[in-house]
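Engineer: How does the following fold in three dimensions:
(one chain, ligands or ions: 2)
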Amino acid sequence: ANPSLLILPGDGIGPEVMAEVRKIIDWFGAKRGLVFDVSEDLVGGAAYDVHGVPLSDETMAKAQEADAVLLGAVGGPKYDKLDFSVKPERGLLRLRKEMDLFSNLRPAQCFDALADFSSLKKDIIAGLDIMIVRELTSGVYFGEPRGIFTEGNERVGINTQRYTESEIARVARSAFELARRRGNKVCSMEKANVMESGILWREVVQEVHDKEYPDVELSHMYADNGAMQLVRWPKQFDVIVTDNLFGDVLSDCAAMLTGSLGMLPSASLGAPMANGRPKALYEPVHGSAPDIAGQGKANPIACVLSFAMALRYSFDQGNDADRLEKAVEKVLADGVRTADLMQNAGETPVSTSQMGDAIIAALDAS
Ligand code: NAI
Ligand code: MG
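Structural biologist: Numbers count the residues shown, from 1 in each chain. Ligands and ions are numbered 1, 2, ... in the order given. Here you go, the predicted model:
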């Protein structure tokens, strides 16, 4: 059977950028014999409009079965007043939770043609290619007790940073596996100087390393220093592994080293399935961009690069992932730009579909 791919375009610019990815998926089928069993379904506001929930049980079941899920974006002003339990974001959270996607991969990669685009000096980011692995299903965003309580005559807000050994070990493995396919180097970040959960984090990452991945170079860094080093000299890193809270902050910081939200892909991985590949959800980092939705202005590259990650991590097609990333690089080097990548007044942006077509043309030429 062909590998299966569930596509959830979602809301706003989600369907617009996904339409370009569909063209690229078709290209790989026609030109590379890489045929996917593709099905498409609803998530977010689009699902709410039809089913009254942001993710139906049926779609959830399909996501559990699929070899990979590719999502566009969810949300929009139309849904802002909905009850919390049926908000579009809940559809995404349900996918992450029920698929148990504990390892969130956020690359920060600099395409040469966009090196001027960063607010940092060119030599700091030219050629940058790092990966942040953020623990996604535990830590202070989930730990109990949590809440706003009354203590004496004032209120107190409480959240609990909590990690079990096995939660740390599995995300550490995910980072080491990844490092072996890249620069073979992992830097683990926590605050072991002031947090017990940080002490355990450091110990467990070191144990997993010593027992299972002694070939990978491992270092440890306090997360506040890590934030500084990311901006000072990010090329010192290959893979960074960190907890949910630090990962949230550090990955947004790292992402912006390289430029536009319209360029950033992500992957969220879970435990291995029967075929040995992890459960996986791929999505651009950006949201549904209601301010530009329906105008053909959206940059589809973040979604295209998310599909490239799927090729690499779910379908073992590293060469084809490289081919697609090179095609994107070529298009950018040729000066093809959507509006979000414009630097100078007077330049003419291309539309979402023109960008998709340019990537196809570059693939054809590859
Ligand atoms: P956003 O990422 O949708 O947009 C932020 C800014 O970046 C906007 O000016 C937008 O036009 C621009 N932008 C984003 N993606 C772009 C692209 N591909 N090409 C060109 N420009 C792009 O974040 P915002 O405005 O905070 O949220 C809008 C909606 O999206 C909200 O309903 C929010 O809840 C939802 N959202 C959904 C996410 C998801 O589905 N994973 C993530 C973030 C927000
Ligand atoms: Mg964030």
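
Engineer: Does the nearest residue to Leu34 once chain neighbours are set aside lie in a helix or a strand, and which?
Structural biologist: Nearest residue to Leu34 in three dimensions, chain neighbours excluded: Phe28, at 4.2 Å (Cβ to Cβ, 6 or more residues apart in numbering). In this view, the C-beta of every residue, glycine as well, is placed from N, C-alpha and C. Per DSSP states H and E: Phe28 is located in helix 14-32.

Engineer: Could you list every helix and strand in contact with the very next helix or strand once past that helix?
Structural biologist: As assigned by DSSP H and E, the chain's next helix or strand after helix 14-32 is strand 37-40. Contact here means 3 or more Cβ pairs under 8 Å, 6 or more residues apart in numbering; DSSP states H and E; on that basis strand 37-40 packs against strand 4-10.

Engineer: Roughly how far does the residue in the stretch 151-300 of the chain positioned nearest to ligand 1 sit from Ala73?
Structural biologist: Residue nearest to ligand 1 within the stretch 151-300 of the chain: Gly287 (2.4 Å; Cβ to the nearest ligand atom). Gly287 sits 5 Å away from Ala73, taking Cβ to Cβ, to the nearest Å as the criterion.

Engineer: quick one: common contacting residues for these two?
Structural biologist: Counting by Cβ atoms under 8 Å, 6 or more residues apart in numbering, the residues touching both Gly287 and Ala73 are Gly12.

Engineer: Looking at the two, which has the bigger crowd around it?
Structural biologist: Ala73 (32 against 19; other Cβ atoms under 10 Å).

Engineer: buried set for the worst-scoring helix or strand of the chain on mean pLDDT?
Structural biologist: In the chain, no helix or strand scores lower on mean pLDDT, DSSP states H and E than helix 122-125, which sits at a mean of 88. Neighbour-count burial for helix 122-125 flags Ile124, Ile125 (criterion: 16 or more other Cβ atoms under 10 Å).

Engineer: again, but for stretch 331-340
Structural biologist: Buried-residue list, stretch 331-340, by 16+ other Cβ under 10 Å: Val331, Leu332, Val336, Arg337, Thr338, Ala339, Asp340.

Engineer: mind checking the end-to-end distance for it?
Structural biologist: Terminal residues of stretch 331-340 are spaced 15 Å apart (Cα to Cα, to the nearest Å).

Engineer: That one: how far from the chain's middle?
Structural biologist: A distance of 22 Å separates the centroid of the chain from that of stretch 331-340, by Cα atoms, centre = their mean, to the nearest Å.

Engineer: touching ligand 1 at all, that stretch?
Structural biologist: Yes - using Cβ under 6 Å from any ligand atom, stretch 331-340 reaches ligand 1 at Asp340.

Engineer: The residue nearest to Leu34 reaches Val38, doesn't it?
Structural biologist: No - with contact defined as Cβ atoms under 8 Å, Phe28 does not count as touching Val38 (11.0 Å).

Engineer: which of the two has more neighbours?
Structural biologist: Shown here are Phe28 and Val38; by other Cβ under 10 Å, Phe28 has more neighbours (20 against 17).

Engineer: what sits against that one?
Structural biologist: Leu34, Phe36, Leu311, Asp320.

Engineer: which bits of the stretch 251-366 of the chain sit near ligand 1?
Structural biologist: Residues of the stretch 251-366 of the chain lying near ligand 1 (Cβ under 6 Å from any ligand atom): 261-262, 283, 286-292, 298-299, 302, 340.
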